[in-house]
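1. sequence plus the predicted model coming up.
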Amino acid sequence: MSAEGDNAKSMSIIVTKGTLDWAYPPFILATTAAAMDVKVTMFFTFYGLQLLKKNLDHLQISTLGNPAMEMPMMGMHMTMPNIMSAIPGVDAMCSTMMKNLIKKKGVASIPELREAAIESDVEMIGCQMTLDLFELDSKDLIDNITLGGAATYMENALKSDINLYI
């Protein structure tokens with residue numbers, strides 16, 4: 001199926017989260033859909049805009065409000081109680097553990113998934129309002145993205161077969 005054909009499917013994804021664990025779903029779904037000849041547009045707003053920064057070394061996970069978080073450790077699964085996030089350094093420690101687990105299991109990194117999305121012609125739109133609101137500089141974002149607002153997102157979403165909010 002051609003992305004230009006009459007039967008072409010399209011998908012839009014609103015990306016609102018900027019943590020390491022929340023970066024995976026939109027990029028995995030976008031690259032998978034693109035590999036299936038779906039035209040994909042990703043709209044990065046609020047904290048999701050962090051995922052368009054050139055440097056992604058700052059990505060961490062947050063244990064706060066994540067009661068389902070379990071990490072494989074010493075042959076069992078350790079649950080992270082929410083109170084743990086109040087201890088300084090816990091999120092950084094958990095982020096390091098997660099990055100090591102990702103590497104050990106051969107899972108693609110977020111920079112690799114983002115690059116795969118770019119190579120698959122996934123359209124990425126950074127929210128101009130978010131840039132302005134948080135006083136961010138577009139020079140810190142990757143090249144070849146579009147800047148736009150809610151109207152830009154809606155233009156794509158109204159034509160899309162699938163709309164996701166992540």
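-> Cool, got the structure.
2. spatially central, which residue of the chain would that be?
-> Against the mean C-alpha coordinate of the chain, by C-alpha atoms, centre = their mean, the closest residue is residue 23 at 3.0 Å.
3. ok, which stretches of the chain are helices?
-> Using DSSP state H, the helices of the chain run over 20-35, 90-104, 110-119, 128-133, 150-157.
4. tell me which of those sits nearest to residue 84.
-> helix 90-104 (5.0 Å; C-beta to C-beta). C-beta here means a position set from N, CA and C on the backbone, and glycine is covered the same way.
5. okay, the closest one in CSV with CA atoms only?
-> Backbone C-alpha positions of helix 90-104 (Å, rounded to 0.1, in the frame of the first residue of the first chain) are rendered in CSV as follows:
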residue,chain,number,x,y,z
VAL,A,90,16.2,7.7,43.4
ASP,A,91,14.9,8.8,40.0
ALA,A,92,18.5,9.1,38.7
MET,A,93,19.4,5.7,40.1
CYS,A,94,16.2,4.1,38.6
SER,A,95,17.0,5.8,35.3
THR,A,96,20.5,4.4,35.2
MET,A,97,19.0,0.9,36.0
MET,A,98,16.5,1.3,33.2
LYS,A,99,19.1,2.4,30.7
ASN,A,100,21.3,-0.5,31.6
LEU,A,101,18.4,-2.9,31.3
ILE,A,102,17.5,-1.4,27.9
LYS,A,103,21.0,-1.9,26.7
LYS,A,104,21.3,-5.4,28.2
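6. show me what it is packed against.
-> On a contact count with 3 or more C-beta pairs under 8 Å, 6 or more residues apart in numbering; DSSP states H and E, helix 90-104 meets helix 20-35, strand 70-73.
7. just say which of those is most tucked in.
-> Of all the helices and strands packed on helix 90-104, helix 20-35 carries the top mean neighbour count, a mean of 19, counting by mean count of other C-beta atoms under 10 Å.
8. please name the residues that touch residue 145.
-> Going by C-beta atoms under 8 Å, 6 or more residues apart in numbering, residue 145 touches 52, 124-126.
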